[in-house]
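J.: Provided below for reference: sequence and predicted model.
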Amino acid sequence: MNAHARVLGKLYCLAHLLIKPDKAKPYKMFDFDLRQDILSFLQQQPLSKEVAIIRHLQDKGRIPADALQTDLGLFRCHFLVFHALYRLQQQGFTQRAFKLTISSLYIEYDDAFVFCANDSEKKSEKSIERNDPLAAFYLDLRQLNQTDNHDVQQLLNRFWQRLITPHAQLDREKQDALAVLELEGSVDFTTIKQQYRRLAMQHHPDRGGDQEKLVAINQAMQCLEAHYST
């Protein structure tokens with residue numbers, strides 16, 4: 001859940017850029033399926049961030065202005081946006097139409113991506129997405145329906161606790177994550193992403209790899225995304 005708390009915490013901090021608090025207005029839930037609106041936006045802005053997507057949805061009236069005024073409303077808004085993004089990611093692979101890269105740092109739409117022609121490699125591409133623990137979280141609508149205000153407060157508390165963790169411990173976490181990706185020292189994020197993709201393919205079960213190793217690689221990448229976003 002730490003990865004979820006980091007993303008939620010970032011959005012919590014950015015919410016003040018999007019709205020002015022108005023506690024007199026009640027929170028209203030908005031339409032579930034945001035895929036088409038988000039896809040249209042990404043086709044115009046292929047490299048974007050979550051806050052820009054939310055601002056666009058608010059400008060179009062797809063997200064009410066008061067949706068981000070409570071912690072629970074903020075979580076629901078964030079969840080539905082990422083739910084739509086991961087569904088679009090699956091759609092892009094299924095239709096062989098576009099690739100959608102999703103991270104806490106950026107959202108990247110690529111309709112020029114060349115998909116693998118080999119059937120086994122196609123299967124591996126899709127399976128990697130399915131083994132992404134964040135994808136599993138956001139595609140499971142029970143996480144939305146069963147999360148209440150108390151749960152959201154726990155997520156936020158974990159996020160703020162992480163902010164006050166001593167720097168030395170955070171550095172150890174970073175070095176441990178780099179070690180999982182077989183890297184060390186000072187490396188840029190481009191190198192990290194390239195190494196992550198190589199190891200994810202190498203250790204994927206469909207290619208004879210180990211499931212636990214793949215999970216460790218995904219978790220290490222999520223940790224490094226959080227470190228390099230600060």
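T.: That came in fine, so what should we check first? Residues are numbered from 1 along each chain as shown.

J.: going forward, measure contacts between C-alpha atoms and count neighbours the same way
T.: Fine.

J.: Would you mark the buried spots in the top helix by length along the chain?
T.: Longest helix in the chain, counting residues (DSSP state H): helix 71-95. Going by neighbour count (16 or more other Cα atoms under 10 Å), the buried part of helix 71-95 is 71-90, 92-93.

J.: hang on, L100 in a strand?
T.: Yes. Counting by DSSP: H, G, I helix; E, B strand; the rest coil, L100 is found in a strand.

J.: Quick check, it in contact with Q89.
T.: Yes. With contact defined as Cα atoms under 8 Å, L100 reaches Q89; the gap is 5.1 Å.

J.: how distant is the longest helix of the chain from the center of its chain?
T.: 9 Å (Cα atoms, centre = their mean, to the nearest Å).

J.: Which elements pack onto that helix?
T.: Judged by 3 or more Cα pairs under 8 Å, 6 or more residues apart in numbering; DSSP states H and E, helix 71-95 is in contact with helix 2-18, helix 35-44, strand 99-102, helix 133-139, helix 149-163.

J.: Strand partners (parallel or antiparallel) of the very next helix or strand once past the shortest one?
T.: For strand 99-102, the succeeding helix or strand toward the C-terminus, using DSSP states H and E, is strand 107-110. Neighbouring strands of strand 107-110 in its sheet, by DSSP bridges, are strand 47-48 (antiparallel), strand 99-102 (antiparallel).

J.: Quick one: these as a markdown table, columns for distance to D140 too.
T.: As requested, those are exported to a markdown table (distance: least, Cα to Cα, whole Å):
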| stretch | distance to D140 |
| --- | --- |
| strand 47-48 | 24 |
| strand 99-102 | 17 |
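
J.: The residue nearest to the spatial centre of the chain and H227, how far apart?
T.: In the chain, the centroid-proximal residue (Cα atoms, centre = their mean) is S103; its distance is 4.1 Å. Using Cα to Cα, to the nearest Å, S103 is found at 13 Å from H227.

J.: Repeat that for Q44.
T.: From Q44 to H227 the distance is 29 Å (Cα to Cα).

J.: Neighbour count for the two, which is higher?
T.: H227 (13 against 10; other Cα atoms under 10 Å).

J.: Next up, the contacts around the more buried one.
T.: K174 (Cα atoms under 8 Å, 6 or more residues apart in numbering).

J.: so it is in which element?
T.: Assigned by DSSP H and E, H227 falls in helix 211-228.

J.: ok, now L183?
T.: With DSSP H and E as the test, L183 turns up in no helix or strand.

J.: Phi, psi for it please.
T.: Backbone torsions of L183, given as degrees, to the nearest 10, read phi -130, psi 160.
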